[in-house]
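Participant: Could you look at this predicted model? Sequence included:
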Amino acid sequence: MSLSIAPWKYGKQWVYSITYDEALTDLYRFAVPMHEQFGFPGHVEVVVGQLGEVRRIGTSSYNGYRHMSGEELQDILHRGWGVGNHSWTHTIITHETLDLELRQAKDKLEQAIEASVILFCSPGDNTNMADHVLEACRKFGYLGAMSLTDALNRPEDELFWINRTALHDHYYAPFFSAFDPFRNILYAEKTRGWIIDYCHCPLETPIHPNKDCSADQLQQRFETILSEGGDSVWCAVPEEVLSYHLMRRHTCVETLKHSATQHHYRLNLDSLPHGVPYRSLTFEVQVPAAWCRDPKIWINNQALAATLVRPRTLRFTTDVEDGIEIVVGEDRYGQSE
């Protein structure tokens, strides 16, 4: 009858996030209202060197579209979205440009949005997920890095190579895979996976069919996530999911006492990285059947409601800090014996 940490927050079976590379203002036309409609948080990846400016990057399909300004990014944050660094120049990052692309870009973006930035998103392709880049990410205070590898993420996976699923009209030759609103969902459900979709700026038609979906396709994807996921999917920004990863990995459960009337635990945070923004965890605990009639948990002597999720199994979610004590039992005040 031990206390355990759930793989995902709220005991959900799988997780869904979505990211929009480049952070273009045209997201306000379709994507932002659609997120408001469905209640999903989004996430934008910012080319910091052109913050608030019309895009001018090589032969990009998105040249001529405007990047969001600091004020617009703050608005996005207030809507529950997240913001990541997509580099300063959107070019290959060399040893010589690490400081500009990672440290200076992070500093400028944090000043613009008045919030911390903990995620780097590789621009271009996975060339910018090279060892020297990821080493610098760790040095400059990022907590994770997102790639362009089309795969799921799982509770035990590496956080400096986070995978993302292409949400595109169709994929490059020679694959030619067509848009599929069900993409990776069944696999996520079966394996407790975390899907992160990525696209750029869904409009009436995709700006580039190999890099984007249409607004109608985005709506189909959202409808499918909800219809297939139901109560089993946790929709969250990558920062919150990343934080849950780190909190789960660095929280140790110490059993202080097990008796016929009470279970008493202490939570210890072991080497938690600095700057983790979200610090809550979901726990499950097995208890005698008699304790399940009016399930309660006490956190540092403060009562917290718990949910009976299976026979003799209680679940609860709480903020976690080093040294907090949890009591489960018949003693209604949660006092130690």
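Facilitator: It's in. Please read these numbers as outputs of a predicted model, since none were measured by experiment. Residues are numbered from 1 along each chain as shown.
Participant: which residues touch the helix or strand D216 falls within?
Facilitator: According to DSSP states H and E, D216 maps onto helix 215-229. With contact meaning CB atoms under 8 Å, 6 or more residues apart in numbering, helix 215-229 is reached by 14, 16, 29-31, 34, 38, 40, 167, 169, 179, 181-182, 185-186, 189, 197, 199, 202-204, 213, 233, 235. Placement of C-beta: from N, CA and C, glycine included.
Participant: Equivalent analysis for stretch 140-151, please.
Facilitator: 19, 45, 84-85, 102-103, 106, 117-122, 125-126, 129, 133-134, 137, 159-166, 196, 198, 238, 242-243, 246, 273-276.
Participant: what about the residue nearest in space to the middle of the chain, distance to W298?
Facilitator: Centroid check for the chain by CA atoms, centre = their mean gives P238 as the closest residue, at 1.8 Å. P238 sits 33 Å away from W298, going by CB to CB, to the nearest Å.
Participant: Repeat that for K12.
Facilitator: Counting by CB to CB - K12 and W298 are separated by 25 Å.
Participant: per the record, what domains does this structure have?
Facilitator: According to automatic domain parsing, the chain comprises the domains 12-236, 247-329.
Participant: and of the ones you listed, who's closest to L3?
Facilitator: domain 247-329 (4.7 Å; CB to CB).
Participant: Just confirm the residue nearest to the centre of the chain contacts I162, I think it does.
Facilitator: Yes: in this structure, P238 is within contact of I162 by CB atoms under 8 Å, at 7.2 Å.
Participant: and E337, what pLDDT?
Facilitator: The model reports E337 with a pLDDT of 45.
Participant: repeat for G329
Facilitator: 87.
Participant: any idea how far W291 is from Q219?
Facilitator: 45 Å.
Participant: swap in E22?
Facilitator: For E22 relative to Q219 (CB to CB), the value is 21 Å.
Participant: between these two, who's got more neighbours?
Facilitator: E22 (24 against 17; other CB atoms under 10 Å).
Participant: any chance you could read off phi and psi for the more buried one?
Facilitator: Dihedral pair for E22: phi 90, psi -20, per degrees, to the nearest 10.
Participant: Name the residues linked to it by a beta bridge.
Facilitator: V46 (DSSP bridges).
Participant: Okay, and I297 sits in which element?
Facilitator: Going by DSSP H and E, I297 is in strand 296-299.
Participant: tell me which residues in that strand are buried?
Facilitator: Neighbour-count burial for strand 296-299 flags 296-299 (criterion: 16 or more other CB atoms under 10 Å).
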